[in-house]
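Chemist: heads up, no residue letters with this:
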């Protein structure tokens, strides 16, 4: 994301005409997070919560619920039941720019048979009309970055035909574009595949909008694109109602953790801004049992965030480090990690994305989801070896947090989201022992290996 973020900062530096791109640091009204203390966990929360399947799906599909609706209303589950869920800390581990087929193209053959497989007939035509089929990637550090802003992604999705990825990549890189059909296997990314095999994976999780990083991350935080369409033009206005404000208004805490740009640059925040910490602070909080209620974790741009030209195996090592600290944490029994990707980054995926609700009352015309991305729930309460086929986008993560802390919906998009509860099982008597994870992959990036030599 470095080039996109740099472009955004340059725009801010040379133009005063963009309303949301203020060269003076915006005041988000979040300074109180510096002194707000995470409330003690309720020690009575434990296993045995029988969370029934959500109802009112017809109403949610019809976008019947508006901003301000609480989860008990839109899910048809009592507030008492939702309030007894033993998760009080959520880590949103959002990575960069990989589609489901690209990262998990062989997961259905590698321990998750219920995950939707890539059809043998799926292909994309190249510029010469030749069919390009999925191929095992030859490197974990792809050296070019296919176009993935709104114009590029509309071309790639091609009205739901999902056959424009190769041509888009050819038009936006100095290549034939075939590389966007590549997939990885457990031999390349053994730890990532371990997570997908062991915990609960959603195989119908989509980016919220047909565009790039900034707009898709905005949906997670605001339930809308907040005026952002393509990355590097504007930032969300700081007075936009956000998940961070909702949490603080109820006395709950959050933190943004990264050794690079917080929120992958999408809010124009830097280290030193309220609530921003480095990765060591995350590890310390996990080790000490002092994690805030919501932790939003990002990598270093193009280094360990999985964004091309980053080496995926380096990113995998970072995710494993977080996982290991989480397992050792005194808060593990109160914790859920949601590992996902902000958008597909122009890499191919075969599943046509559905539409979501318009994010009213925010003035936004966007209801079309972007391409499918991985989402895995990692928790002692996550169902083991489970594949969910419920269609949703990042505002389901927003709704999950709202559900746990009894927060009102920001917009109609998150109000009508499903809250991801089918990924979890809070019953007693479950075997919570976990298999030892494999080592992360190595040797997948000849470019970096040659540089070391």
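Modeler: Cool, got the structure. These figures come from a predicted structure and were not determined experimentally.

Chemist: The closest residue to residue 284 other than its chain neighbours - how many residues pack around it?
Modeler: Excluding the flanking residues, the one nearest residue 284 by CB to CB, 6 or more residues apart in numbering is residue 290, at 7.7 Å. For every residue, glycine as well, the C-beta is placed using N, CA and C. As a burial measure, residue 290 scores 16 neighbours (other CB atoms under 10 Å).

Chemist: what's the pLDDT at residue 290?
Modeler: Residue 290 is assigned a predicted lDDT (pLDDT) of 97.

Chemist: any idea which element it lies in?
Modeler: Under DSSP states H and E, no helix or strand contains residue 290.

Chemist: That one and residue 37: what is the separation?
Modeler: Remark: distance between residue 290 and residue 37 (CB to CB, to the nearest Å) = 10 Å.

Chemist: for residue 244, same thing?
Modeler: 16 Å.

Chemist: which one is the residue nearest in space to the middle of the chain nearest to, not counting chain neighbours?
Modeler: Against the mean C-alpha coordinate of the chain, by CA atoms, centre = their mean, the closest residue is residue 340 at 3.5 Å. Ranked by CB to CB, 6+ apart and with sequence neighbours excluded, the top spatial neighbour of residue 340 is residue 375, at 4.3 Å.

Chemist: Name whatever forms a beta bridge with residue 135.
Modeler: residue 182 (DSSP bridges).

Chemist: and it, how many neighbours?
Modeler: Other residues close to residue 135 by other CB under 10 Å number 12.

Chemist: wait, doesn't it sit right on residue 183?
Modeler: Yes - between residue 135 and residue 183 a contact is recorded at 7.4 Å, counting by CB atoms under 8 Å.

Chemist: Could you point out the longest helix of the protein?
Modeler: helix 312-328 (DSSP state H).

Chemist: my read: residue 85 touches residue 425, true?
Modeler: No - using CB under 8 Å as the test, residue 85 is too far from residue 425 to be in contact (11.2 Å).

Chemist: on that earlier part again, neighbour count: residue 244 and residue 37, which is higher?
Modeler: The residue with more neighbours, out of residue 244 and residue 37, is residue 244; 24 against 9, by other CB under 10 Å.

Chemist: Distance of the more buried one relative to residue 171?
Modeler: 38 Å.

Chemist: Number of residues surrounding residue 82?
Modeler: Residue 82: 21 neighbours (other CB under 10 Å).

Chemist: ok so it is a helix residue?
Modeler: Yes - applying DSSP: H, G, I helix; E, B strand; the rest coil, one finds residue 82 inside a helix.

Chemist: Let me see the contact set for it.
Modeler: Residues near residue 82 by CB atoms under 8 Å, 6 or more residues apart in numbering: 51, 71-72, 75, 403-404, 406.

Chemist: follow-up on the earlier one: following element in sequence after the longest helix of the chain, please.
Modeler: strand 335-341.

Chemist: Give the partner strands of that following strand in its sheet and their orientations.
Modeler: Counting by DSSP bridges, strand 335-341 is paired with strand 89-95 (parallel), strand 375-378 (antiparallel).

Chemist: can you give me the strands in the protein?
Modeler: 89-95, 124-125, 131-132, 135-136, 182-183, 200-202, 205-206, 254-257, 276-277, 294-297, 335-341, 375-378, 386-388, 392-393 (DSSP state E).

Chemist: List the backbone torsions phi and psi for the closest residue to residue 444 other than its chain neighbours.
Modeler: Leaving aside its sequence neighbours, residue 444 sits nearest to residue 140 (CB to CB, 6+ apart; 3.3 Å). Backbone torsions of residue 140, given as degrees, to the nearest 10, read phi -100, psi 10.

Chemist: okay, the strands paired with strand 335-341 in a markdown table with distance to residue 346 next?
Modeler: Shown next, in a markdown table, are the strands paired with strand 335-341 (distance: least, CB to CB, whole Å):
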| stretch | distance to residue 346 |
| --- | --- |
| strand 89-95 | 15 |
| strand 375-378 | 19 |
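
Chemist: ok, now which ones touch residue 217?
Modeler: By CB under 8 Å, 6+ apart, the neighbours of residue 217 are 94, 263-264, 266, 342, 394.

Chemist: got a winner among the residues you listed for most neighbours?
Modeler: Result: residue 394 is most packed of those (other CB under 10 Å), 33 neighbours.

Chemist: How about the contacts made by it?
Modeler: Taking CB under 8 Å, 6+ apart as the test, what residue 394 contacts is 207-208, 216-217, 219-220, 340, 342.
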